[in-house]
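Student: Give me coordinates for this.
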Amino acid sequence: MLVEVAPGVHVATSEVYTTTSTIVVGDDGACLVVDPAVTARDVAGLGAALRARGWRAVAVWSTHAHWDHVLDGAGLSGVPRWATWSGEGIDDVTVARLAAQRDADDELARALRDRPDDRPAPIAPLPRPAALRPETPGAAPTGAWRVLDHEATGWPGPRTLVLSHRAHAPGHSALLLPETGVLVAGDMLSDLEIPLLDDHAADPVGDHLAALDAFASCGAGIVVPGHGTGGADLAERVAADRAYLSALARGEDTDDARLAAPAQRAAHEQQRELVLRRPGRPTAPR
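Tutor: You can find the predicted model right below:
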């Protein structure tokens with residue numbers, strides 16, 4: 001089911017990891033679909049919802065290269081795909097690795113056991129790098145945000161700003177829709193998940209903090225995380241993530257409510273080990 005969170009911005013949520021898929025409706029019903037997920041039935045449902053409203057998918061955006069953000073399915077097959085990370089040069093071995101990660105996922109397997117008529121959504125053709133241009137001088141927000149070239153992507157939608165950052169995964173991106181104040185954050189700013197670090201990064205805590213700084217000043221009124229529920233609480237989410245990262249970087253205990261979930265507690269313990277193993281201390285929050 002699609003829920004309109006702002007004019008022209010609709011969100012569907014899968015029961016698998018509370019994963020969101022965002023639809024941004026442009027001129028004449030032309031839609032940008034962000035991170036369609038997670039099962040084949042979920043993705044087919046997105047396509048059916050668009051058709052029922054007289055809309056059509058003309059572009060798909062993948063916020064990052066994790067298996068649950070590069071999925072395909074009925075209604076989206078053959079639609080051009082875009083990202084700030086590049087799928088060019090990625091071979092069939094990489095696609096097979098993403099599919100293997102999907103098939104080994106316990107939460108997806110649990111959901112499919114209750115859906116005998118469902119199956120995993122297929123891995124999509126990997127995206128092309130999106131055409132971005134610098135923000136207009138004097139326009140807000142400034143800094144690392146870039147303007148999506150709608151003509152190049154073939155999507156006649158509202159003005160869209162793109163932030164490419166290093167938190168959580170290389171080439172991770174977020175989309176900001178200034179006209180409606182919506183921030184589509186990818187796997188960031190979740191009310192259910194702690195900040196999940198890229199364990200291959202040289203400074204995963206610092207990478208996360210840099211992205212949070214950009215989010216804090218972007219002026220969004222509504223946040224749509226990749227996993228969790230949306231809300232009009234950007235400042236509170238940024239503060240919660242900074243507090244968690246501060247405790248993690250200093251090796252201190254935290255009372256973050258998200259750690260009540262066993263999966264988040266397990267991820268936290270792994271991240272504590274990651275931080276302790278690294279030579280020197282990670283970047284501490286400001």
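
Student: How much space separates residue 13 from residue 150?
Tutor: 27 Å (CB to CB, to the nearest Å). Just so you know, the C-beta spots here come from the backbone N, C-alpha and C atoms, and that holds for glycine as well.

Student: Check residue 103 too.
Tutor: 36 Å.

Student: From what I see, residue 235 and residue 216 are in contact.
Tutor: Yes: here residue 235 reaches residue 216: they are 7.1 Å apart, a contact under CB atoms under 8 Å.

Student: Could you check which of residue 103 and residue 150 has the larger neighbour count?
Tutor: Legend: neighbour count by other CB atoms under 10 Å for residue 103 and residue 150, higher for residue 150 (19 against 11).

Student: Quick check on the more buried one: phi, psi?
Tutor: phi -70, psi -30 (degrees, to the nearest 10).

Student: Would you mind listing the residues in contact with it?
Tutor: 26, 156-157, 160 (CB atoms under 8 Å, 6 or more residues apart in numbering).

Student: tell me, what's touching residue 235 and residue 216 both at once?
Tutor: By CB under 8 Å, 6+ apart, no residue touches both residue 235 and residue 216.

Student: So, low pLDDT: which residues of the stretch 51-200 of the chain?
Tutor: 86-91, 137-143 (pLDDT under 70).

Student: which residue ranges form the helices in it?
Tutor: Under the criterion DSSP state H, counting those that start in this stretch, helices of the stretch 51-200 of the chain are mapped to 92-103, 106-113, 150-153.

Student: Out of these, the one nearest residue 242 is which?
Tutor: Closest to residue 242 of the helices of the stretch 51-200 of the chain, according to CB to CB: helix 106-113, at 27.4 Å.

Student: Tell me the buried residues in that closest one?
Tutor: Buried residues in helix 106-113, counted by 16 or more other CB atoms under 10 Å: 108, 111-112.

Student: just stretch 49-56 next, same as before
Tutor: 49-50, 55.

Student: Which member of those is positioned nearest residue 254?
Tutor: residue 49 (38.8 Å).

Student: Tell me the spacing between that closest one and residue 17.
Tutor: 20 Å.

Student: Can you give me the buried ones in stretch 205-217?
Tutor: 205-209, 211-216.

Student: Now, those residues that are in helices?
Tutor: 205-209, 211-216 (DSSP state H).

Student: Between the residues you listed, which sits nearest residue 3?
Tutor: Checking those one by one against residue 3 (CB to CB), the nearest turns out to be residue 215, at 22.0 Å.

Student: Pretty sure residue 188 is one of the things that closest one touches, is it not?
Tutor: Yes: between residue 215 and residue 188 there is a contact at 7.2 Å, judged by CB under 8 Å.
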